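Visitor: predicted coordinates and the sequence they were generated for:
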Amino acid sequence: MVIAKTKEVRDNFKTYCDRAAEGQIYIIPRPQNRNVIMMSESAFNELYEMAEKQRKADYLNMLHKSVQEAEAGGFVITSIDDLEKYE
């Protein structure tokens, strides 16, 4: 990753786009720490897919844990009437 000044990117946008498309990743500092990352679409898609896989794995782990708790008797059975009493 390379830190690139906003003015430099603005003045040489095509060059930075070409380099990003070739695999370079740029951090472009912005005021109030609202920085921007410039990268190729393929690099972004790769990161996005990894994040999606992690979210799915976390969700499946949560479901698995819930099933284990239910099988171990760690749940409460109640009726709609009982729930309405809490309103």
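Guide: Cool, the structure landed.

Visitor: from now on I want contacts and neighbour counts done on CA atoms only, so please keep to that.
Guide: Fine.

Visitor: what about Glu22, distance to Val36?
Guide: 18 Å (Cα to Cα, to the nearest Å).

Visitor: Arg19 too?
Guide: The separation that Arg19 has from Val36, given Cα to Cα, amounts to 16 Å.

Visitor: and if you look at Ser79?
Guide: 51 Å.

Visitor: who has more neighbours, these two?
Guide: Val36 (12 against 7; other Cα atoms under 10 Å).

Visitor: excluding covalently adjacent residues, which one is nearest to that one?
Guide: Ile28 (5.1 Å; Cα to Cα, 6 or more residues apart in numbering).

Visitor: which helix or which strand is home to the spatially most central residue of the chain?
Guide: Nearest to the mean C-alpha position of the chain, counting by Cα atoms, centre = their mean, stands Ala51 at 5.2 Å. Using DSSP states H and E, Ala51 sits within helix 41-71.

Visitor: and that helix, how far from the chain's centre?
Guide: 11 Å (Cα atoms, centre = their mean, to the nearest Å).

Visitor: with stretch 35-43 instead?
Guide: The mean C-alpha position of stretch 35-43 is separated from the chain mean by 14 Å, Cα atoms, centre = their mean.

Visitor: domains in the chain, as residue ranges please.
Guide: 1-39, 42-87 (automatic domain parsing).

Visitor: avg pLDDT for the first one?
Guide: In this case it means domain 1-39. Average pLDDT, domain 1-39: 96.

Visitor: thanks again, I'm all set now.
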